[in-house]
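Visitor: Generate a structure from the sequence data that follows.
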Amino acid sequence: MIRYLCFYIALLAAPALAQDLTLPSGARQISDRISALDSYDLPTGVFADGSVPSRTVEGRVERLTWRLQAGSSTTLQILAPLRDQLQAQGFEITFECEARTCGGFDFRFGTEVVPTPDMYVAIHDYRFLSATRDDEVLTLLVSRNPPDGYVQMIRVTPVGTQSQPPLVIEETVDGTSGLLNDLTRDGHVILDDLHFRTGEVALGEGPFASLALLAGYLADNPSTRLALVGHTDDTGALQANIAVSTKRAEAVRARLIEAHGVSADRIEAKGVGYLAPITSNATPEGRDINRRVEAVLLVN
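Guide: Residues are numbered from 1 along each chain as shown. As a prediction, the model looks like this:
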């Protein structure tokens, strides 16, 4: 469970105070770009007819990004407390979407995003919202590169506008329950708190919340089994990648058996190499996303 202790968006005009977005423990501000007078194309809808609809706003523009320890938290679990705070401060949410409904690749590259490495956006896993309060506008973009989460805030305020005090809200977010929900709903889930570099097969010491959840799920559901499926990026030959992905899945299986007491006959491990990517391997970010292990639900 990730405890959001006094995290708030301080929507203030002073540059030093405008940085005060306090996120979960371990969060770190990555970038701070503030222009005294600039313009920003505020997205107002999803990608359609070859572009992202927007309107240009002018004023003092703040572009801030943070990286946080997301664990198994979904992008919605990261975004929801921030959205609640905006509404509590009098902002109206004028537009909101998630990756697929936004327009995926086209929306992400049709809107302003702070360049990497200060901001990371997974094409298949991000959320965006626009909000307004009188003449003030603000957008939030949230994405993940497990085990990290990323937050981008762009805010435009009229020059000389009087600041409003920050609102402090304490939130508790369960960062792991979504994994079991996804597993039971979809029949498979990415174990996104596990992470493998190119060619790497060893599993770190952990602990890994996803494995504890899977072990508990198997204990509570004796008629089910799991298949662990390893995946790689497209670096190297297919057979070599199948071998690597199989070893990754086997490493996860061994951890479930040895550290969590799961019976060996309840879990199998397979590898498919680069045959089932979830995004393009054309970028380092895409290859990183494709290196993963998934749990597939098997019912006896």
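
Visitor: thinking Ile242 is in contact with Val272, fair?
Guide: Yes. Here Ile242 reaches Val272: they are 6.6 Å apart, a contact under C-beta atoms under 8 Å. In short, each C-beta sits where N, CA and C put it, glycine included.

Visitor: Need the residue in the chain that's farthest from the chain's center.
Guide: Gly160 (34.8 Å; C-alpha atoms, centre = their mean).

Visitor: what's the spacing between it and Ala36?
Guide: 11 Å (C-beta to C-beta, to the nearest Å).

Visitor: and if you look at Leu194?
Guide: Distance from Leu194 to Ala36, counting by C-beta to C-beta: 44 Å.

Visitor: Comparing the two, which residue is more hemmed in?
Guide: Using other C-beta atoms under 10 Å, the more surrounded residue of Leu194 and Ala36 is Leu194, with 21 against 9.

Visitor: residue contacts, that one?
Guide: Contacts here follow C-beta atoms under 8 Å, 6 or more residues apart in numbering; on that basis Leu194 touches Pro146, Leu203, Phe208, Ser210, Val252, Arg292, Val293.

Visitor: dump the residue contacts of the first one.
Guide: Listed by C-beta under 8 Å, 6+ apart, the contact set of Pro146 reads Ala70, Asp192, Asp193, Leu194, His195.

Visitor: Kindly report the same for the fourth one.
Guide: For Ser210, the contacting residues are Ser72, Thr176, Leu179, Leu191, Asp192, Asp193, Leu194, Ala295, by C-beta under 8 Å, 6+ apart.

Visitor: Show me which parts of the host helix or strand of it are buried, residue by residue.
Guide: Assigned by DSSP states H and E, Ser210 belongs to helix 209-220. Across helix 209-220, burial judged by 16 or more other C-beta atoms under 10 Å covers Ala209, Ser210, Leu211, Leu213, Leu214, Ala215, Tyr217, Leu218.

Visitor: quick one: average pLDDT of that helix?
Guide: Across helix 209-220, pLDDT averages out at 90.

Visitor: same thing with stretch 38-50?
Guide: Stretch 38-50 shows a mean pLDDT of 95.

Visitor: What lies in contact with that stretch?
Guide: In contact with stretch 38-50 (C-beta under 8 Å, 6+ apart) are residues 52-61, 94-95, 97, 101-104, 106-107, 110-112, 128, 130, 137, 139, 154, 156.

Visitor: pLDDT below threshold where in the chain?
Guide: Residue ranges of the chain with pLDDT under 70: 1-27, 162-178, 195-199, 300.

Visitor: that's a strand at Ser73, yeah?
Guide: No. Per DSSP: H, G, I helix; E, B strand; the rest coil, Ser73 lies outside any strand segment and is coil.

Visitor: Kindly provide the distance from it to Ala209.
Guide: Ser73 is 10 Å from Ala209, by C-beta to C-beta.

Visitor: Next, Thr116: phi, psi?
Guide: The phi and psi values for Thr116, taken as degrees, to the nearest 10, are phi -70, psi 150.

Visitor: The closest residue to it other than its chain neighbours and Arg108: what is the separation?
Guide: Leaving aside its sequence neighbours, Thr116 sits nearest to Glu285 (C-beta to C-beta, 6 or more residues apart in numbering; 7.2 Å). Applying C-beta to C-beta, the value for Glu285 to Arg108 is 11 Å.

Visitor: Which parts of the stretch 1-150 of the chain are helices?
Guide: 75-88, 99-102, 105-108 (DSSP state H, counting those that start in this stretch).

Visitor: Output those as a markdown table; include the columns distance to Glu258 and mean neighbour count.
Guide: Output for those, formatted as a markdown table (distance: least, C-beta to C-beta, whole Å; neighbours: other C-beta atoms under 10 Å):
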| stretch | distance to Glu258 | mean neighbour count |
| --- | --- | --- |
| helix 75-88 | 30 | 18 |
| helix 99-102 | 36 | 18 |
| helix 105-108 | 40 | 19 |
